[in-house]
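> Here is my input; please provide its structure:
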Amino acid sequence: MIISFAIIYIKKRRCLTISKELAINEQIRDKEVRLLSSNGDQLGIVALKEAQSMADEQNLDLVQISPNAKPSVCKIMDYGKFRYEQSRKEKEAKKKQKIVSLKEVRLRPGIEENDLNTKANNAIKFLKKGDKVKVELRFRGRELGHKDLGKVVMLKFIDIVKEFGEPTKAPAFEGNNMVVIIDPKK
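Residues are numbered from 1 along each chain as shown. This is a model prediction of the structure:
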């Protein structure tokens, strides 16, 4: 009696490890399924109960791989091992993924030479790390009448950082700001 209770408990436990995409064991609702063995061989179209019993004989799970197919495709596999391998692949993909962030540098049209060099050095540090840099030159009040001075400052800044990054396009106005985005050189 205790042994049968343990088997039922194990079956229910296997059923509790549910993936949002895949139905396993008793969650499969089709009458017939196209069955694949654990090594990938096609076993043909089989009744669901028969497929489940084949999986139970091998102490493996019946996993519905393609629920939209007619009849749906199921495979006999160790579901816990499958989930573990999937999570490992996702972690590896995240490690290889390069996250590029956008750093911002703000300038003014009347900025002095040393301040401009300091801002450019900060931008160069960002570009060396592989980040994009958004350079924003703000105009206030009467400065809006002298956009040509701002253009000179922006071109001087781009010239300073040109060996570490290149602008995606020419400086453009967005409201009262002149903006350019500089991509790092590869």
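
> does residue 63 have beta-bridge partners, and which?
Beta bridges link residue 63 to residue 24, residue 75 when assigned by DSSP bridges.

> That one is in contact with residue 33, isn't it?
No - under the criterion of Cβ atoms under 8 Å, residue 63 makes no contact with residue 33, lying 10.5 Å away. Any C-beta I mention is one placed from the backbone N, CA and C, and that applies to glycine too.

> neighbour count winner among those two?
Ranked by neighbour count (other Cβ atoms under 10 Å), residue 63 and residue 33 place residue 33 first, with 27 against 22.

> what residues are up against the residue lying closest to the more buried one once chain neighbours are set aside?
Leaving aside its chain neighbours, residue 33 sits nearest to residue 74 (4.3 Å; criterion: Cβ to Cβ, 6 or more residues apart in numbering). With contacts defined as Cβ atoms under 8 Å, 6 or more residues apart in numbering, the neighbours of residue 74 are 28, 33, 34, 35, 36, 51, 62, 63, 64, 65.

> and which of those residues is nearest residue 111?
Distance to residue 111 across the contacts of residue 74 (Cβ to Cβ) is lowest for residue 65, with 61.5 Å.

> quick one: low-confidence parts of the protein?
The model of the chain has pLDDT under 70 over residues 1-21.

> quick one on the thing from earlier: of the contacts of residue 74, which pair is most distant in space?
Taking Cβ to Cβ as the measure, the contacts of residue 74 reach their widest spread between 28 and 36, a distance of 13.6 Å.

> Now stretch 102-111: buried residues?
Of all the residues in stretch 102-111, those buried under the rule 16 or more other Cβ atoms under 10 Å are 103, 105, 107, 109, 111.
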